[in-house]
Structure formats: C-alpha cells, structure tokens
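Peer 1: Provide a 3D model corresponding to the input given below.
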Amino acid sequence: MPRIQHPRDAIVRVTRSCICGSDLHLYHGMVPDTRVGMTFGHEFCGVVEEVGPAVENLKKGDHVLVPFNIACGQCHFCKQGLFGNCHESNPEATAVGGIFGYSHTAGGYDGGQAEYARVPYADFGPMVIPDWMDPDDAVLLTDVVPTGYQAAEMGGIQTGDTVVVFGAGPVGLLAARCAWLFGAGRVIVIDHHEYRLDFARDYCPAEVYDFREIGDPVVFLKKITDIGADVCIDAVGADASGNAWHTLFGKKLKLEAGSAVPLHWAINSVKKGGVVSIVGVYGPTGNMVPMGNVVNKGITIRANQAAVKRLLPRLVEHVREGRIDPKRIITHRLPLEEVAEGYHLFSSKLDGCIKPVLIPNAA
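Peer 2: Now for the predicted structure:
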C-alpha cells in the first residue's frame, strides 16, 4: 500500500490502467535496470484518496487522469514545456524524466497496474476528468493519445503531405489518425499483423500495407510516393520485426538498444529534406543507425516522450468534439487479477488484441 512521502504527493485508487506497447519492452527485457518487485503501468486514472499538505488543487474524491510523465512543473525543462524531460523527477538521468512503472532508468517509481498508486507532484500533473468524459477515453489521454498526437505534431505536417506511419499498434493508430488533423493529404500505415492493418484501415483511416508482401519497404514506398514520403513516423521502437540481423543483435543478443528496423525504413523512405518523427521507445544503449543517409538527405529528426500536460487542453477539446475517439481502440477489458493473461494476449498478438485495459475490483 503506497503512502504519502512528500507534501506534493497524492494517493490514487486506480479505476483504469492500460498495458502499453512500451510495457512490452520491459516484459521482454529490453530496458535495463528493471528490478524484481517493481509495479509496472504508466497509463492510469483513478480517484484521489489522500493528498499531501502542499496539494491544494485536488481533493479526496476527485477522479483524475495521471500523465505518464512525472513532472515537477518548476525545473528548467518543465518551464519549456518539456514535461517528458523533467530533471527534478529523475535527476540522475541525462535524458528522460520520471515515468511511472518504467524501471529505475526512469526514476524507479511504482506504476498504476495496481489498486493504489502514489502520484508525486500531484499539485501539477493530474487533471480532474470532466464529468462528460468516459473513463475509457480518459485513461487513454494519459499516454497513447498524446504520444500519437505529438508524433504527428513533431512531423511538422503541411497541408497535403504524405505521411507514413510504421507500426499499427495503439500509438501508430493514433499517430495516423492525428496526421489528418494537421492537414495530411495521404496517410499510409505499415505493419505485418493483418488484424491490426484491418483496424488501421477503418479507424485511422489509412492505406495499409503488410511489409511481408511488398518486398523492400523502402523501394516500395519510394515507388508509390514518387520521391519519398514527406513525413515518416516510427511508432514501433525496440521490439520491431522485419530484419533478421536487427532481431539477432537487438532483441536476442541485446548488443544494440532493440531492433531499429522501422527507424532505418523511415530514414531511407522519407524524401530528401523530409522529417522523421520518433516516438517508438528504444533502450538507452546505442543503435546501428544510417547517419550518413540522414546527413546526405538533409533529414530533420524529431523525437521525444510526449509532453502530456502540454497537450491535454487541445486533446480534451478534440475528444469532446468527436475528432478523436480514443476508446474505440480498446479491445480487451480484464480484471487486474488477470494482468498476466493481458500481457500474454497483447505480447503474442492473440485474439485481435489492440489495447487491453485492466480494471481493479475496487473500481
């Protein structure tokens, strides 16, 4: 049972918690310093049970969504809106800020795949869920929707642009859907699971291609776009399939920070002068990346963890107006006690699983 450890803390009784594709990187041993006994889960919402003496904007009984970034709101990076890079919540790291349930690399905080969670900096991070919002929508605003939206935002999409999204998981689906909000004229999704491609075709909506059936994806994309895509989005990260060498070196032997196949495809299939946006999660060690192609093609690369707090006002508006329907991607709702089965379904791509949500009995 978590307890208040700092005046800015709150204790939240969890009502919804998701399993994220990023959790699978932990599950598969791709992220260093993931310690036995840690509680996973960085996507959750719940009811405030207790607040520390410095928390004045929340009270017991408030139903809140909790951004996956743990951000103080006061450090150098938070003042720039870089809430995924908060230095106060993870001061021993030179890159990422604190993240709930995401190894000691991200601060060692316990997560929300639990009945209760301690929420640091509760006077800044959590947002009270509007009365009209479905909790299933709210829990997806803690990570997957902001991450997909920021992936499109970082692409600098211009009216009429062709956007290619690598990965038809939850983040890829939202990135493709949000690309239209920025004015894309054509959206293409690449994956190799037929049920996910079918879902993307309907939900995003997008052109979809199974990379196993198109030969070299880079050559194929250059042919169907003439000069290459304007924007390519890597929404996969360390667990990518598609290349035996990357699977061996990155996933089996772990000699690089996961399999960087979609990053290679993105760099090589984007047009000269195009933009590559990266939200797929890789470990903190090195990757084999074709940097010469980046330089010679004049590519802009933008990447970061989504700054959830910055994006929430706009995303709440999009949900209210029906431009984004987050809960449609939820395919499985399981009791918290069946979390192991949830990981098995999601990791093994069974039963058409797109996004699993865990519901504690107390909810």
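
Peer 1: which parts of stretch 152-163 are buried?
Peer 2: Along stretch 152-163, these residues count as buried under the neighbour rule (16 or more other C-beta atoms under 10 Å): Ala152, Glu153, Met154, Gly155, Ile157, Asp161, Thr162, Val163. To be clear about C-beta, it is placed using only N, CA and C from the backbone, and glycine gets the same treatment.

Peer 1: now the residues you listed as TSV including pLDDT?
Peer 2: Converted to TSV, these look like this (pLDDT from 0 to 100):
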residue	pLDDT
Ala152	98
Glu153	98
Met154	98
Gly155	98
Ile157	98
Asp161	98
Thr162	98
Val163	98
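
Peer 1: Val187 is in contact with Ala175, isn't it?
Peer 2: No - the pair Val187 and Ala175 fails to qualify as a contact (C-beta atoms under 8 Å) at a distance of 9.1 Å.

Peer 1: quick one, what contacts Pro262?
Peer 2: When the contact criterion is C-beta atoms under 8 Å, 6 or more residues apart in numbering, the partners of Pro262 are Phe166, Gly167, Ile190, Asp234, Ala235, Val236, Gly237, Ala240, Gly242, Gly280.

Peer 1: I'd like to know how far the nearest residue to Asp210 once chain neighbours are set aside sits from Arg310.
Peer 2: Residue nearest to Asp210 in three dimensions, not counting chain neighbours: His192, with 5.3 Å by C-beta to C-beta, 6 or more residues apart in numbering. Noted for His192: a distance of 33 Å to Arg310, by C-beta to C-beta, to the nearest Å.

Peer 1: So these two - more neighbours on which side?
Peer 2: Taking His192 and Arg310 together and counting by other C-beta atoms under 10 Å, Arg310 has the greater number of neighbours (19 against 16).

Peer 1: Roughly how far does the nearest residue in space to the more buried one that is not next to it in sequence sit from Leu311?
Peer 2: Spatially, and ignoring its direct neighbours in sequence, Arg310 is nearest to Gly81 (4.7 Å; C-beta to C-beta, 6+ apart). In this view, Gly81 and Leu311 are 9 Å apart by C-beta to C-beta.

Peer 1: which of the two has more neighbours?
Peer 2: Just comparing Gly81 and Leu311: by other C-beta under 10 Å the higher neighbour count belongs to Leu311, 21 against 13.

Peer 1: Please look at the more buried one and Thr147 and confirm they touch.
Peer 2: No - assessed by C-beta under 8 Å, Leu311 is found out of contact with Thr147, at 9.2 Å.

Peer 1: what's the following helix or strand after the helix-or-strand element of the chain with minimal mean pLDDT?
Peer 2: In the chain, the helix or strand scored least confidently by mean pLDDT, DSSP states H and E is helix 244-246, which has a mean of 69. Towards the C-terminus, the helix or strand next in line after helix 244-246, according to DSSP states H and E, is helix 261-269.

Peer 1: Specify the next element, helix or strand, located C-terminal of that next one.
Peer 2: Read in the C-terminal direction, the helix or strand following helix 261-269 is strand 270-278, with elements assigned using DSSP H and E.

Peer 1: before we move on, the earlier item: so which of the contacts of Pro262 are in strands?
Peer 2: With strands defined by DSSP state E, the entries of the contacts of Pro262 inside them are Phe166, Ile190, Asp234.

Peer 1: Leaving out chain neighbours, which residue sits closest to the first one?
Peer 2: Just to be clear, that refers to Phe166. The spatially closest residue to Phe166, leaving aside those adjacent along the chain, is Pro262, at 3.7 Å (C-beta to C-beta, 6+ apart).

Peer 1: So for that neighbour, what pLDDT did the model give?
Peer 2: What the model reports as pLDDT for Pro262 is 90.

Peer 1: any idea how far the residue lying farthest from the centre of the chain is from Ile99?
Peer 2: Outermost residue of the chain with respect to the C-alpha centroid, by C-alpha atoms, centre = their mean, is Pro53; its distance is 32.0 Å. Taking C-beta to C-beta as the measure, Pro53 falls 26 Å from Ile99.
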